[in-house]
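>>> need coordinates for the following:
(chains A, B, C, D, E and F)
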Protein chains: 6
Amino acid sequence: MKAQEETVDALDLDVLMFVNGKFCKDPKLANADDFFFSGLQIARSTQNPLGSTVTAVNVDQIAGLNTLGISLARIDFARNGLNPPHTHPRATEILLVLEGTLYVGFVTSNADNNRLFTKVLNKGDVFVFPIGLIHFQLNVGEGNAVAQAALSSQNPGVITIANAVFGSDPPINPEVLAKAFQVDNKAVEYLQKQFWYDNNN
Amino acid sequence: MKAQEETVDALDLDVLMFVNGKFCKDPKLANADDFFFSGLQIARSTQNPLGSTVTAVNVDQIAGLNTLGISLARIDFARNGLNPPHTHPRATEILLVLEGTLYVGFVTSNADNNRLFTKVLNKGDVFVFPIGLIHFQLNVGEGNAVAQAALSSQNPGVITIANAVFGSDPPINPEVLAKAFQVDNKAVEYLQKQFWYDNNN
Amino acid sequence: MKAQEETVDALDLDVLMFVNGKFCKDPKLANADDFFFSGLQIARSTQNPLGSTVTAVNVDQIAGLNTLGISLARIDFARNGLNPPHTHPRATEILLVLEGTLYVGFVTSNADNNRLFTKVLNKGDVFVFPIGLIHFQLNVGEGNAVAQAALSSQNPGVITIANAVFGSDPPINPEVLAKAFQVDNKAVEYLQKQFWYDNNN
Amino acid sequence: MKAQEETVDALDLDVLMFVNGKFCKDPKLANADDFFFSGLQIARSTQNPLGSTVTAVNVDQIAGLNTLGISLARIDFARNGLNPPHTHPRATEILLVLEGTLYVGFVTSNADNNRLFTKVLNKGDVFVFPIGLIHFQLNVGEGNAVAQAALSSQNPGVITIANAVFGSDPPINPEVLAKAFQVDNKAVEYLQKQFWYDNNN
Amino acid sequence: MKAQEETVDALDLDVLMFVNGKFCKDPKLANADDFFFSGLQIARSTQNPLGSTVTAVNVDQIAGLNTLGISLARIDFARNGLNPPHTHPRATEILLVLEGTLYVGFVTSNADNNRLFTKVLNKGDVFVFPIGLIHFQLNVGEGNAVAQAALSSQNPGVITIANAVFGSDPPINPEVLAKAFQVDNKAVEYLQKQFWYDNNN
Amino acid sequence: MKAQEETVDALDLDVLMFVNGKFCKDPKLANADDFFFSGLQIARSTQNPLGSTVTAVNVDQIAGLNTLGISLARIDFARNGLNPPHTHPRATEILLVLEGTLYVGFVTSNADNNRLFTKVLNKGDVFVFPIGLIHFQLNVGEGNAVAQAALSSQNPGVITIANAVFGSDPPINPEVLAKAFQVDNKAVEYLQKQFWYDNNN
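Residues are numbered from 1 along each chain as shown, chains lettered A, B, ... in the order given. Okay, the predicted model is just below:
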């Protein structure tokens, strides 16, 4: 019985809150705080190798979002700060620039010849990054920049391409990466020894 | 053949752009502008009976959003401005206060005894309005307020309760509303003669 | 461990019965009674302020409906009885008149100018109320009426507009409702003191 | 251009009416008749080999049902009438007996050992037939019977097992059926020559 | 508390692993083995009445498949072996012939007049069996045959028509089957006494 | 009218074949060939920089797959051949080794610390690559290898990471890639001048 109880303990019960629109948890226990988050006005430090920081507000921060298919993120950029090429495996992103100037883009799939769609966005501009496509944002303005993103999942996931490719734990066999990226094994091993900062935290 | 062609002409072909992830329109014709919108930084006039104005950015503004399940809206509030009780029949909303102070709330369904969940939100606060529930936002601060909303549909729909109930075209039989709202027919007819401003436009 | 166990106790295990088509509960424990309900032929009393009574048959009555996306309701109407304006946040309704004559309608969303679509339905007539739209049924015949509704969710939810707006617990700030419904605070407070009967029970 | 136009002509434009909640057809052309059907009170003749007749009310009868995920059917039974074993490939069915007495059942899948779940249903009784499972209804009462079914799709489909197996066009290779049903080829060929009445029409 | 704990024990915790893309089980406990299966190269014995054996690789074999909407099956055929008419209530199947020659087919629904679509498939040929339709595969080659199937569900289900109809537990009322299949009760009872081999095991 | 007709001409009418389970194209025009593909037994040439070739069988090859949520691919590997790191934005993949020995892996998302899950697969082994995650297959055997993949979409999409990052059209701003991959601009520009072979064709 002990092992079983521990497994039950390990379940994230919040995730069970709504299933198919029916409360699993006694709905009388839900209250306004289950639908609330505060602090998204706060500029986070961008003192890091990428010069950008993502602040996610998803089902981990707001339990009431479960099954509702939406979440938010704030992105702070230092001058020249980059939110590096990444994907969201379970969400489309729609991004609004609150301050500054961003160069943004996404790349279409192989069948569409990996076309790059880009825009320079200023305050009030909006851009869409369709589900699963590699995309990035670079601060190309004179000062800091801030963007507000919405994502079509309560748990969109983030895969930073460089981190997943060169910073996985354990590392990918260098032969794979050398052939894939047309560099030699030494270059791969050099890259795999670097510190790959995750700006989502 | 003529009538048929006209019906085909009336089709909104943008809506056909992605179906099940496959382009219906030749994808070579898509470009970055299909994923872009500008102007959401602009405060809209709130000189109207409600003192609030909603600026939607959905599939009607950004064709590339089609099938992607997300959209945005900016809401401007004058002092005491109200985004009146309404529902989105096809979306959950997650709202972020950009400026000012809002009193917000939603009401749960009959089976949960129509409980009211409310919060006073300040800059940077976030609140979730689950799909289909009646909700509102009132500016309770000293100045204007601005909120940024994201919705879990490319075409969420808005139903302002008062407008749908008392301002429908043609009007609902007053007997229905008198009994439903426990007032007399004269009161209903008075209300049905009022102008019901739509702050979504 | 205690708190955790209590949370587990609070889970509605029926809801876990099917998830993605796989039984969570040992399927050997399921039997025909999990798919059965009786008593929908019984006319319920309509001696109430609305003159109508809704008898729901959803996942709360038939555990085997879980995840299957459908449910039923019987609606009894006294003479002049009203099923007042309401929405189902998670379902489309298709209604069949079994006895009597109903005046029914729904109101489209703001973008469609809150158009009212109505019909007078007699025995054997069918009408559709699309998901999330405000709709009502009024008995306009000489005697009682009975309708049989089907809904596209195992747990469709019901939000009676008047009850959610004027009868929420706690009440909505009267300033919100006064401005939304173009009446004075006193009128709102009067309405909020009324008893708002729920005909779904 | 001619061939293309003909293909466009062949499109069922009703089906395009709602896609992802956005009207493809100009919504101003929709009206209450698109959501209405009449005649379900009429007992259909059951003078046929099965002694039963199904009257479907789905997206073919009510264009406004498209994408809304629900439909109805009335089933008339003569004495001893049978709605023979069949499946709905895209819908769960919930059935309500309006008149008479039915013996109903469904069979679970192989992994659940093809268990048969049955009930005798009287007026007002409800039973659920989960999506894709083989099910049937037999009138075991003294007189006619009438059932009202709701299905979780606007286009549920019907596959009458005997008709699909022995009455397909062209016939299935008799060797397949002889081995599958443990009878000889002659028996199969005899069955394939029979007339397989379809009570859905 | 005891009964409750036992109910929790009875839950299949694997099924809870991913819900809406969020791990329910602590993801740190997942590893490569949760996404792995071995042995599909092995020809299974086809010494059985049907001369065919299905080897399923679904969420029961690979826990990591849960919620991911796909699974596999290998089908071995003796000479003249048959995978008899069956349906998958929750999946479309796409089949690839690895060895031998198969005569395959499916039957469309009643509304399409139960048309039979067939092909003779050789090594490297692919055929699709749409969700819920009755289909079969017969080895018509000179030797054994092997097919590899993929299904659009992690738990597709299998309903062998003959087994569900004539081999259910308990048996279906013979009157139902006699009328449905246009044979006499004795023939039905004879068939119901046969052993109905399930080649999915 | 001319421009409109041309747009209609450009529509891929196959994609309209099934929408929500209802045929858009006259179903009488469908036949067995719409569900059939041949040639997957043929080893394709792997004389290319990656030493691997993917042969997709999806809705572009089999029109009848539309909306059915599944497709196939054959992957041929030369000795040391690599199917380089890539994602499928709309599908989970389940892979079966038909010949040879593959070293395969996927990397989890940032929140799971980009953990690498790998296996060495031999004939008959199966591995799952969850939707949207970066994954790869390397032939580590002594001879050629062949794998058969199934994907949970009729149009899964492929994004080869190196091609999308370094081979997009037009190229991504080198500053973005230099910062993201911790190399200098010259290295990026060198990589962007390389030929990025697409093994999906």
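>>> contact partners for the residue nearest in space to the middle of chain A?
Closest residue to the average C-alpha location of chain A: A:Val158 at 3.7 Å, with Cα atoms, centre = their mean. Counting by Cβ atoms under 8 Å, 6 or more residues apart in numbering or on different chains, A:Val158 makes contact with A:Val54, A:Ala56, A:His86, A:Thr87, A:His88, A:Asn200, F:Ser109, F:Asn110, F:Ala111. No exception for glycine: its C-beta is placed from N, CA and C like everyone else's.
>>> from A:Ala73, how far out is the first one?
In other words, A:Val54. 5 Å (Cβ to Cβ, to the nearest Å).
>>> also the fourth one?
A:Thr87 sits 14 Å away from A:Ala73, taking Cβ to Cβ as the criterion.
>>> please enumerate the helices of chain A.
Remark: helices assigned in chain A by DSSP state H are A:2-10, A:161-166, A:174-181, A:185-193.
>>> which stretch among those comes nearest chain B?
Closest approach to chain B among those is made by helix A:161-166 (20.0 Å; Cβ to the nearest Cβ).
>>> list the buried residues for that closest one?
A:Ile161, A:Ala162, A:Asn163, A:Ala164, A:Val165, A:Phe166 (16 or more other Cβ atoms under 10 Å in any protein chain shown).
>>> how about the second one, what does it touch?
With contact set as Cβ under 8 Å, 6+ apart, A:Ala162 has these partners: A:Pro84, A:Pro85, A:Trp196, F:Ala180, F:Phe181, F:Gln182.
>>> would you mind measuring the gap between the ends of stretch A:86-105?
When the termini of stretch A:86-105 are compared using Cα to Cα, to the nearest Å, they are 11 Å apart.
>>> that stretch near chain B anywhere?
Yes - Stretch A:86-105 reaches chain B (Cβ under 8 Å from any Cβ of the partner chain) through A:Ala91, A:Thr92, A:Glu93, A:Ile94, A:Leu96, A:Leu98, A:Gly105.
>>> so which of these wins on neighbours?
Greatest neighbour count in the residues of stretch A:86-105 next to chain B, by other Cβ atoms under 10 Å in any protein chain shown, goes to A:Ala91: 30 neighbours.
>>> quick one: pLDDT of the nearest residue to that one once chain neighbours are set aside?
Spatial nearest neighbour of A:Ala91, excluding adjacent residues (Cβ to Cβ, 6 or more residues apart in numbering or on different chains): A:Pro156 at 3.4 Å. The confidence metric pLDDT takes the value 95 at A:Pro156.
>>> quick one, what contacts A:Pro156?
So A:Pro156 contacts A:Asn58, A:Ser71, A:His88, A:Pro89, A:Arg90, A:Ala91, A:Glu93 (Cβ under 8 Å, 6+ apart).
>>> try it again at 10 Å.
A:56, A:58-59, A:69-71, A:73, A:87-93, A:131, A:149-150, E:21, F:109, F:132 (Cβ atoms under 10 Å, 6 or more residues apart in numbering or on different chains).
>>> below-threshold pLDDT in chain A: ranges please.
Applying pLDDT under 70 to chain A flags residues A:1-28.
>>> which residue ranges form the strands in it?
Using DSSP state E, the strands of chain A run over A:18-19, A:22-23, A:36-37, A:52-57, A:71-77, A:82-87, A:93-99, A:102-107, A:116-121, A:126-129, A:135-139, A:145-151, A:159-160.
>>> C:Gly39 is nearest to which of those strands?
Proximity to C:Gly39 (Cβ to Cβ) singles out strand A:22-23 among those, at 22.1 Å.
>>> care to break chain A down by domain?
A:2-157, A:158-201 (automatic domain parsing).
>>> work out the gap between the shortest one and the centre of the chain.
With Cα atoms, centre = their mean, to the nearest Å as the basis, domain A:158-201 stands 18 Å off its chain's centre.
>>> closest one of the residues of stretch A:86-105 next to chain B to chain E?
A:Ala91 (9.2 Å).
>>> distance of A:His86 from D:Tyr197?
60 Å.
>>> compare these two (neighbour count), which wins?
A:His86 (25 against 16).
>>> correct me if wrong: the more buried one contacts F:Asn110.
Yes - with contacts counted by Cβ atoms under 10 Å, A:His86 reaches F:Asn110, the gap being 8.1 Å.
>>> joint contacts of A:Val54 and A:Ala73?
A:Asn83, A:Ala147, A:Ala149, A:Val158, A:Asn200.
>>> so the third one bridges to which residues?
Each beta-bridge partner of A:Ala149 is listed here: A:Ala73, A:Leu95, as defined by DSSP bridges.
>>> look up how far chain E lies from it.
A:Ala149 sits 18 Å away from chain E, taking Cβ to the nearest Cβ, to the nearest Å as the criterion.
>>> shouldn't that residue be in contact with A:Phe129?
Yes - using Cβ under 10 Å, A:Ala149 is in contact with A:Phe129, at 8.6 Å.
>>> got any residues that touch both of those two?
Taking Cβ under 10 Å, 6+ apart as the contact rule, A:Ala149 and A:Phe129 both touch A:His88, A:Ala91, A:Glu93, A:Ile94, A:Leu95, A:Gln137.
>>> contacting residues around the second one?
If I follow you right, that is A:Ala91. Contacts of A:Ala91 were listed using Cβ under 10 Å, 6+ apart, and they are A:58, A:69-71, A:129-132, A:149-158, B:68-70, E:21, F:132.
>>> run a quick neighbour tally on A:Ile42.
11.
>>> what about it, distance to A:Ala78?
Remark: distance between A:Ile42 and A:Ala78 (Cβ to Cβ) = 15 Å.
>>> over to A:Pro171?
Taken as Cβ to Cβ, the span from A:Pro171 to A:Ala78 is 29 Å.
>>> cool, A:Phe36 as well?
Counting by Cβ to Cβ, the gap from A:Phe36 to A:Ala78 is 30 Å.
>>> and what of A:Phe181?
28 Å.
>>> now swap in A:Ile70 and tell me
28 Å.
>>> hmm, back to that, now, which of the shared contacts of A:Ala149 and A:Phe129 sits nearest D:Ala30?
The closest of the shared contacts of A:Ala149 and A:Phe129 to D:Ala30 turns out to be A:Ile94 (Cβ to Cβ; 29.0 Å).
>>> confirm for me that the closest one is in contact with B:Leu65.
Yes - using Cβ under 10 Å, A:Ile94 is in contact with B:Leu65, at 7.4 Å.
>>> need the overlap of contacts for the two.
Residues touching both A:Ile94 and B:Leu65 (Cβ under 10 Å, 6+ apart): A:Val126, A:Val128, A:Ser152, B:Phe35, B:Phe37, B:Val57, B:Asn58, B:Ser71, B:Leu72, B:Gln154.
>>> need the max-distance pair from the residues you listed.
Once Cβ to Cβ is applied, the shared contacts of A:Ile94 and B:Leu65 give A:Ser152 and B:Phe37 as the farthest pair, at 16.6 Å.
>>> neighbour count for these two, which is higher?
Ranked by neighbour count (other Cβ under 10 Å), A:Ser152 and B:Phe37 place A:Ser152 first, with 26 against 20.
>>> what count of nearby residues applies to A:Lys179?
The number of residues packed near A:Lys179 is 22, by other Cβ under 10 Å.
>>> for A:Leu95, see how far away it is.
34 Å.
>>> how about A:Ala63?
Taking Cβ to Cβ, one finds A:Ala63 at 25 Å from A:Leu95.
>>> looking only at neighbour counts, state which of the two leads.
Under the criterion of other Cβ under 10 Å, the comparison of A:Ala63 against A:Leu95 puts A:Leu95 first, with 23 against 20.
>>> hang on, that one packs against A:Ala150?
Yes - applying Cβ under 10 Å, one finds A:Leu95 in contact with A:Ala150, separated by 8.0 Å.
>>> any shared contact partners between these two?
With Cβ under 10 Å, 6+ apart as the test, A:Leu95 and A:Ala150 both reach A:Ala73, A:Val126, B:Leu72.
>>> buried subset of those residues?
Applying 16+ other Cβ under 10 Å to the shared contacts of A:Leu95 and A:Ala150 flags A:Ala73, A:Val126, B:Leu72 as buried.
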